[in-house]
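>>> one predicted model, sequence on top.
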Amino acid sequence: MAAVAVVGAQWGDEGKGKIIDLLAQEADVVARYQGGNNAGHTVVVDGKTYKLHLIPSGILYPGTQCIIGNGVVIDPFVLWDEMENLVQQGVDISGLKLSENAHLIMPYHRVLDKLEEAHRGDKKIGTTGRGIGPAYVDKVGRIGIRLGDILDEAFLTELLEVILPQKNKEIQFYGGEPLELGKIVEDYFQIGQKLAPYITDTSRLLNEAIDVGRKVLLEGAQGTLLDIDHGTYPYVTSSSPIAGGATIGLGIGPTKIKKVVGVVKAYTTRVGEGPFPTELHDEDGEALRNIGAEFGTTTGRPRRCGWFDSVMVRYAVRVNGLDTLAITKLDVLDQLPKIKICVGYKLPDSDEVLTEFPTRLNVLAKCTPVYEELDGWQEDTTSAKHLEDLPMAARRYLARISELVGSEISIVSVGSDRRASLKLNSIF
Ligand code: IMP
């Protein structure tokens, strides 16, 4: 048995937390491979709500090992809060393991994230302000601090003596106040001592688990269109949410990934700036936002909402090598009389219909969607357990999506509760 990767196939917020939670019932190990506390999963179990930003939702199953891989950027204080909250809610976190090579979000990353956004003015990205981008910049610039580094106070001091003056210069360039070395060393060494029992070589752990045939889930955060290479650059996050990111972010070879599951919402949402061809500015958009409770888990920002974009998801099928889809929030469409699917894009002054996703931002920004309109079902789907329980129009909608994007569908989610899911094919 090899590993199964679960990735977002839109702009994030596809409901990966719910799908991971569902699949984690069968898994032995859940490993997160990129992003940081820019992500947020809400998992509802028996009416109890858990909000997670860093720790894989598999932690809610006793005995499941949960790994935060080297590709994740960790704000250690946020992580510690999340660990404490889970313990207070009665969750056993002894199965949590943290990669010693994961890079840390430092105080200057949070400061720079906000200052850089302000500097961009109307070209701002709309980041979550958590310091994610600046932390990845330092990782690639080879001036990052890793989780293992904060276990040794003298070594941490040595590193920061070189790095901090450079970071303070950047902060001052944007008009901010420089930070003090002693306080950072003290805070990070102390939090390192608390996290120490959980820190290890997670690549080794994970490879051993795969080799002995344990069921392993690889959890992506954000989504394909936010990928630093394959997303709508520069309106992206600074990591690789696509399936390929799992190998780098966890230290496993690509041959270990047996299946890739793409999670998509039955419509489309986006937070932050950047082009979004099917965005709705009318009452349909409002309805999707209100019925779907489309407000960010991390920042509370209202999400931009629009129709399902099959051109974009077909692109996600390609760059991830998706084997199958999990469709979430189908129930949000329950009361709509008509539902649209984007099947192509038009450019101004041209009759040509593009059916391949344009990767140049200035082309994408000019695209207007070409829609196909389907009848809604105007029936409640939230208690459906099997495909046959869904109204015919809902089944037609799913079949059309599957045909257009070129991928089968294995899971359909019709509500936030763990049980509100239809499993059409097995994943492991
Ligand atoms: P950053 O990841 O905070 O640098 O933000 C970069 C872009 O990614 C912004 O448009 C954010 O709104 C978006 N983003 C980051 N994390 C998430 C997420 O978990 N869901 C949806 N959008 C996200």
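Cool, the structure landed.
>>> distance of the nearest residue to Asp92 once chain neighbours are set aside from Gly95?
Nearest residue to Asp92, sequence neighbours excluded (C-beta to C-beta, 6 or more residues apart in numbering): Pro62, at 5.5 Å. To be clear about C-beta, it is placed using only N, CA and C from the backbone, and glycine gets the same treatment. Pro62 sits at a distance of 8 Å from Gly95 (criterion: C-beta to C-beta, to the nearest Å).
>>> more neighbours: which of these two?
For the pair Pro62 and Gly95, the greater number of neighbours falls to Gly95 (19 against 9), based on other C-beta atoms under 10 Å.
>>> give the contact list for the more buried one.
59, 63-66 (C-beta atoms under 8 Å, 6 or more residues apart in numbering).
>>> list the contacts for the closest residue to the ligand within the stretch 151-300 of the chain?
The ligand sits closest to Gly272 of the stretch 151-300 of the chain, with a gap of 2.1 Å, by C-beta to the nearest ligand atom. By C-beta under 8 Å, 6+ apart, the residues touching Gly272 are 125-128, 235, 301.
>>> what is the neighbour count of the spatially closest residue to Gln25 that is not a sequence neighbour?
Counting by C-beta to C-beta, 6+ apart, Gln25 lies nearest to Tyr61, which is 6.5 Å off, once chain neighbours are set aside. When counting by other C-beta under 10 Å, one arrives at 19 neighbours for Tyr61.
>>> what subset of the contacts of Gly95 is buried?
59, 64-66 (16 or more other C-beta atoms under 10 Å).
>>> inside strands: which ones of those?
Counting by DSSP state E, the part of these found in strands is 65-66.
>>> so which two of the buried ones among the contacts of Gly95 are the farthest from each other?
Across the buried ones among the contacts of Gly95, no pair lies farther apart than Ile59 and Gln65, at 9.3 Å, counting by C-beta to C-beta.
>>> any chance of the contacts of Gly95 in JSON lines, with distance to Lys167 too?
Shown next, in JSON lines, are the contacts of Gly95 (distance: C-beta to C-beta, whole Å):
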{"residue": "Ile59", "distance to Lys167": "33"}
{"residue": "Gly63", "distance to Lys167": "42"}
{"residue": "Thr64", "distance to Lys167": "38"}
{"residue": "Gln65", "distance to Lys167": "35"}
{"residue": "Cys66", "distance to Lys167": "31"}
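>>> picking that back up, for the residue nearest to Gln25, give me phi and psi.
phi -100, psi 120 (degrees, to the nearest 10).
>>> run the chain-centre distance for the worst-scoring helix or strand of the chain on mean pLDDT.
Scoring the helices and strands of the chain by mean pLDDT, DSSP states H and E places strand 41-45 at the bottom, with a mean of 78. Relative to its parent chain, strand 41-45 has a centroid offset of 14 Å by C-alpha atoms, centre = their mean, to the nearest Å.
>>> check stretch 75-93 too.
20 Å.
>>> ok, residues contacting it?
The contact list for stretch 75-93 (C-beta under 8 Å, 6+ apart) reads 36-37, 48, 50, 52-55, 59-60, 62, 68, 96, 98, 104-105, 110, 130-131, 147, 150, 187-188, 191-192, 194-195.
>>> mind giving me the PyMOL select for those, buried ones only?
The following PyMOL line selects those of those that are buried, judged by 16+ other C-beta under 10 Å:
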select buried, resi 36+37+50+52+53+54+55+59+60+68+96+98+104+105+110+130+131+147+150+188+191+192+195
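>>> name the element the closest residue to Val353 other than its chain neighbours belongs to?
With sequence-adjacent residues excluded and distances taken as C-beta to C-beta, 6+ apart, Val353 is closest to Gly344, at 4.0 Å. Taking DSSP states H and E as the definition, Gly344 sits inside strand 338-346.
>>> just Val412 next, same as before
Going by DSSP H and E, Val412 is part of strand 408-413.
>>> list the buried residues for that strand?
Buried-residue list, strand 408-413, by 16+ other C-beta under 10 Å: 409-413.
>>> nearest to Lys423 among those?
Nearest member of the buried residues of strand 408-413 to Lys423, counting by C-beta to C-beta, is Ile411, at 5.8 Å.
>>> how about the residues of the stretch 201-350 of the chain by the ligand?
221-222, 226, 235, 237-238, 271-272 (C-beta under 6 Å from any ligand atom).
>>> mean confidence (pLDDT) on the helix or strand that comes right after the strand holding Val412, please.
Sequence order places strand 421-423 as the next helix or strand after strand 408-413, per DSSP H and E. Mean pLDDT, computed over strand 421-423, is 94.
>>> who does strand 421-423 pair up with?
The strands beside strand 421-423 in its sheet (DSSP bridges) come out as strand 408-413 (antiparallel).
>>> now the strand it pairs with, how far from the centre of its chain.
The answer for strand 408-413 is 18 Å, by C-alpha atoms, centre = their mean.
>>> for stretch 409-418, same thing?
For stretch 409-418, the distance to the chain centre is 17 Å (C-alpha atoms, centre = their mean).
>>> ok, stretch 308-326 next?
That offset, for stretch 308-326, works out to 15 Å (C-alpha atoms, centre = their mean).
>>> pLDDT on that stretch, on average?
The model assigns stretch 308-326 a mean pLDDT of 98.
>>> for His119, helix, strand, or coil?
Of the three states, His119 takes helix under DSSP: H, G, I helix; E, B strand; the rest coil.
>>> find the nearest non-adjacent residue to it, please.
Tyr174 (5.7 Å).
>>> show me what contacts that neighbour?
Contacts of Tyr174 by C-beta under 8 Å, 6+ apart are 112, 115-116, 118-119.
>>> ok, so of those, who is nearest the ligand?
Nearest member of the contacts of Tyr174 to the ligand, counting by C-beta to the nearest ligand atom, is Glu116, at 9.9 Å.
>>> helix or strand: which one has the closest one?
Here Glu116 is assigned to helix 107-120, by DSSP H and E.
>>> do the same with Thr128
Using DSSP H and E, no helix or strand contains Thr128.
>>> roughly how far does it sit from the ligand?
Per C-beta to the nearest ligand atom, to the nearest Å, Thr128 is found 3 Å from the ligand.
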